[in-house]
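Peer 1: no sequence on this one, just coordinates:
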């Protein structure tokens, strides 16, 4: 494990937190699930700092799948820090939406930036593509959990 990894502040978006609850028949989903579970284990060991936000709680509460809703909500009880959405985050999210990000994706990025996250992890391909395209306008790195974990460990 590299030194930079140990103190990293990591933000997981909702699709990332919920990945272990998805259908595991595809190789990609299984590898992302393994990465998310490894990262969550590092959180529990205190080797990574888990930044969350009220956006995650709102998305979890609105999930129509009761099993996923409860599992994600339970998991969020173990975050190290929760960022509240204020004027700064709403303003930043509006700018990010002008770049093409969906509202909740923009809010996740804005909250990750406000929390000083080193990386925002997501399994959302659309969000990843947009983040790569607009990386110069972002104040946080956006990456797939499997890719990021392979890089830092």
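Peer 2: Thanks, I have it. Everything numeric here is computed off the predicted structure, so don't read it as measured data.
Peer 1: state the mean pLDDT of the one helix or strand residue 146 maps to.
Peer 2: Per DSSP states H and E: residue 146 is located in helix 145-152. The pLDDT scores in helix 145-152 average 94.
Peer 1: which parts of it are buried?
Peer 2: 145, 146, 148, 149, 152 (16 or more other CB atoms under 10 Å). Quick note: C-beta positions are derived from backbone N, CA and C, even for glycine.
Peer 1: again with stretch 64-73
Peer 2: Those would be 68, 69, 71, 72, for stretch 64-73 by 16+ other CB under 10 Å.
Peer 1: nearest to residue 17 among these?
Peer 2: residue 72 (5.3 Å; CB to CB).
Peer 1: that closest one in helix, strand or coil?
Peer 2: Secondary structure state of residue 72, per DSSP: H, G, I helix; E, B strand; the rest coil, is helix.
Peer 1: list the contacts of it.
Peer 2: 14, 17, 18, 21, 56, 60, 63 (CB atoms under 8 Å, 6 or more residues apart in numbering).
Peer 1: same check on residue 31?
Peer 2: residue 146 are the contacts of residue 31 under CB under 8 Å, 6+ apart.
Peer 1: the inter-axis angle of whichever strand or helix holds it versus helix 145-152?
Peer 2: Using DSSP H and E, residue 31 sits in helix 27-44. With axes from the mean of the first three to the mean of the last three CA atoms, to 10 degrees defining the directions, helix 27-44 sits at 60 degrees from helix 145-152.
Peer 1: what comes up buried for the helix or strand that helix 27-44 is followed by?
Peer 2: Tracing the chain past helix 27-44, the next element assigned as helix or strand by DSSP H and E is strand 49-53. Under the neighbour-count criterion of 16+ other CB under 10 Å, strand 49-53 has 49, 50, 51, 52, 53 buried.
Peer 1: what pairs with strand 49-53, parallel or antiparallel?
Peer 2: strand 9-12 (parallel), strand 81-83 (parallel) (DSSP bridges).
Peer 1: okay, those, which one's buried deepest?
Peer 2: A comparison of the strands paired with strand 49-53 by mean neighbour count, using mean count of other CB atoms under 10 Å, puts strand 9-12 on top with a mean of 25.
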